[in-house]
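Colleague: structure, please.
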Amino acid sequence: MEIRKIVEPREYRQVEEAQRRIFGFPDREIVPLNELVPIQKNGGCVLGAFEGRRLVAFCFGCPGYKRGKTYHYSRMLGVLPAWRDSGVGARLKLAQREFALEQGLDLVTWTFDPLQSRNAFFNLEKLGVLVREYLVNYYVGSESLFNRGFDADRFTAEWHIRSRRVRDRAAGKRPGPDPGGYEPLLGSRPGSGGWPEPVRIRPEARGPRLSVEIPDDIDALKKDDLRLARLWRSRTREVFLDLFRRGFVATGFAVGSEGGRRRGFYLLEKGGGAR
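Modeller: Down below sits the predicted model:
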């Protein structure tokens with residue numbers, strides 16, 4: 001497999017089509033060739049993963065600037081279904097990291113849905129991002145496959161690409177998260193329909209390390225019980241907004257099982273930083 005910058009018009013068209021297939025975007029939400037080309041030509045980066053001439057994954061971003069800080073904003077990463085769990089997403093992110101480092105930058109940011117457990121594990125554990133910002137209904141009115149009928153809340157991922165934390169993960173060194181030292185703040189209990197329901201475990205929890213559970217498969221839950229999925233959204237939104245206001249940072253994501261049920265937990269630390 002080859003990871004490289006997109007070059008030809010045919011390849012940009014493949015990125016357009018991949019957005020339709022992966023995210024179910026309507027035409028108005030697809031980032032088209034006439035936006036991707038200027039991104040590539042003006043300080044941004046549009047990368048593709050190719051098997052021969054066939055695009056199987058892509059990643060693109062552009063320069064960003066906020067509060068006096070210049071960084072690379074990663075707008076979108078997509079992997080075709082047949083190539084998920086192949087490691088190609090991580091390879092694209094590492095190529096994006098190299099691009100940003102060559103520009104003299106030390107930060108890459110992007111957004112992701114806090115309730116997507118696979119993305120949470122990938123971002124926090126495999127890449128080493130930190131999260132300290134919650135955006136309420138960031139993509140208002142989006143009709144993509146994953147946003148339709150559901151508030152598009154997002155986390156902002158901070159990827160401090162020169163930090164030891166990120167360098168270690170880029171080198172394949174990933175310490176397994178230990179949720180044992182984290183006081184559970186939001187957990188779950190079995191619901192009547194077989195899906196877990198959110199429950200505030202310890203409303204009074206004020207320790208320096210806390211955990212927050214999310215559903216294992218929010219997309220399947222939305223299809224089966226949209227009301228419960230929306231309850232998870234509102235409960236986790238309330239908790240994360242409060243924790244980030246109090247200076248907590250999401251530094252890890254732990255996955256376990258209980259009674260045959262797979263469970264995932266964000267691990268948050270008071271004042272956690274880019275170690």
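Colleague: hey, where'd the strands end up in the stretch 101-250 of the chain?
Modeller: Ranges of strands in the stretch 101-250 of the chain, per DSSP state E, counting those that start in this stretch, are 107-112, 130-135, 154-160, 183-190, 196-200, 209-214, 248-258.
Colleague: can you put those strands in a markdown table and add mean pLDDT?
Modeller: Shown next, in a markdown table, are those (pLDDT from 0 to 100):
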| stretch | mean pLDDT |
| --- | --- |
| strand 107-112 | 98 |
| strand 130-135 | 97 |
| strand 154-160 | 98 |
| strand 183-190 | 90 |
| strand 196-200 | 91 |
| strand 209-214 | 95 |
| strand 248-258 | 90 |
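Colleague: out of those, nearest to Arg237?
Modeller: With Cβ to Cβ as the criterion, Arg237 lies closest to strand 130-135 of the strands of the stretch 101-250 of the chain, at 6.9 Å. The way it works is simple: take the backbone N, C-alpha and C, and place the C-beta from them, glycine included.
Colleague: okay, now the residue nearest to Arg132 when sequence neighbours are not counted: neighbour count?
Modeller: Spatial nearest neighbour of Arg132, chain neighbours left out: Val249 (4.7 Å); criterion: Cβ to Cβ, 6 or more residues apart in numbering. By the criterion of other Cβ atoms under 10 Å, Val249 has 19 neighbours.
Colleague: poorly predicted segments of the stretch 151-275 of the chain, please.
Modeller: For the stretch 151-275 of the chain, residues meeting the criterion pLDDT under 70 lie at 203-205, 259, 273-275.
Colleague: still on that earlier bit, could the strands of the stretch 101-250 of the chain go into TSV alongside distance to Gly87?
Modeller: Compiled in TSV, those are given as follows (distance: least, Cβ to Cβ, whole Å):
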stretch	distance to Gly87
strand 107-112	18
strand 130-135	23
strand 154-160	18
strand 183-190	30
strand 196-200	30
strand 209-214	24
strand 248-258	18
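Colleague: please identify which of the ones you listed is closest to Tyr73.
Modeller: Going by Cβ to Cβ, the one of the strands of the stretch 101-250 of the chain nearest Tyr73 is strand 107-112, 5.7 Å.
Colleague: okay, the angle between the closest one and strand 154-160?
Modeller: 160 degrees (axes from the mean of the first three to the mean of the last three Cα atoms, to 10 degrees).
Colleague: pairing partners for strand 107-112, with directions?
Modeller: In the sheet containing strand 107-112, the strands it pairs with under DSSP bridges are strand 69-79 (parallel), strand 154-160 (antiparallel).
Colleague: among those, which is the most enclosed?
Modeller: Most buried of the strands paired with strand 107-112, by mean neighbour count (mean count of other Cβ atoms under 10 Å): strand 154-160, with a mean of 22.
Colleague: not counting that one itself, show me its contacts.
Modeller: 74, 97, 106-114, 123, 127-135, 138-139, 166, 240, 250, 274 (Cβ atoms under 8 Å, 6 or more residues apart in numbering).
Colleague: could you rerun that using 6 Å?
Modeller: Applying Cβ atoms under 6 Å, 6 or more residues apart in numbering, the external contacts of strand 154-160 come out as 107-112, 114, 123, 129-131, 133, 135, 138, 166, 274.
Colleague: which stretches in the stretch 151-275 of the chain count as helices?
Modeller: Applying DSSP state H, counting those that start in this stretch to the stretch 151-275 of the chain gives helices spanning 164-170, 218-224, 226-245.
Colleague: among those, which is nearest Gly43?
Modeller: helix 164-170 (21.6 Å).
Colleague: pull out the buried residues from that closest one.
Modeller: 165-166, 169-170 (16 or more other Cβ atoms under 10 Å).
Colleague: quick check: which helices or strands does that helix pack against?
Modeller: The criterion is 3 or more Cβ pairs under 6 Å, 6 or more residues apart in numbering; DSSP states H and E, and there are no helices or strands that helix 164-170 contacts.
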